[in-house]
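Visitor: model this:
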Amino acid sequence: MSFELELCSELRAPADRVWAQVSTLEGVNRELGPWVRMSVPAALRGAR
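Guide: Below you'll find the predicted structure:
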C-alpha cells in the first residue's frame, strides 16, 4: 500500500525568502517547537 500526500500554502513572501528562513536551524526550531528541537555541534554552526 502506498499513497502520496501534497500540501500547499499561500505565502505572504516570495518562496525563496521563506525557504531561506525556514531551512535554517533557528527556522526549524521556530517552526516545529515545542514538539521538536534540532541542534548541531558548536563546531558546525553556520556551516553550509
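Visitor: give the contact list for the residue in the chain sticking out farthest from the centre.
Guide: Note on the chain: the largest C-alpha distance from the chain mean falls to Met1, namely 28.6 Å (CA atoms, centre = their mean). If you count contacts by CB atoms under 8 Å, 6 or more residues apart in numbering, Met1 has none. From N, CA and C alone the C-beta is placed, and that goes for glycine too.
Visitor: With Leu11 as the reference, measure out to it.
Guide: Distance, Met1 to Leu11, using CB to CB, to the nearest Å: 33 Å.
Visitor: Then Trp19?
Guide: Trp19 is 10 Å from Leu11, by CB to CB.
Visitor: which of the two has more neighbours?
Guide: Shown here are Trp19 and Leu11; by other CB atoms under 10 Å, Trp19 has more neighbours (13 against 9).
Visitor: State the number of residues packed around Val28.
Guide: Val28 has 14 nearby residues by other CB under 10 Å.
Visitor: let me fix that: Thr24
Guide: The local packing of Thr24 (other CB under 10 Å) involves 13 other residues.
Visitor: Do you know the pLDDT at it?
Guide: Thr24 carries a pLDDT value of 87.
Visitor: Ok, the one 5 residues further on next?
Guide: Per-residue confidence (pLDDT) for Asn29: 92.
Visitor: Give the other helices and strands that the host helix or strand of it contacts.
Guide: Remark: Asn29 resides in helix 25-32, with elements defined by DSSP states H and E. The helices and strands touching helix 25-32, judged by 3 or more CB pairs under 8 Å, 6 or more residues apart in numbering; DSSP states H and E, are helix 15-22.
Visitor: how much does the helix it packs on deviate in direction from helix 25-32?
Guide: 90 degrees (axes from the mean of the first three to the mean of the last three CA atoms, to 10 degrees).
Visitor: Would you mind listing where this protein has pLDDT under the threshold?
Guide: 48 (pLDDT under 70).
Visitor: Fine by me, thanks again.
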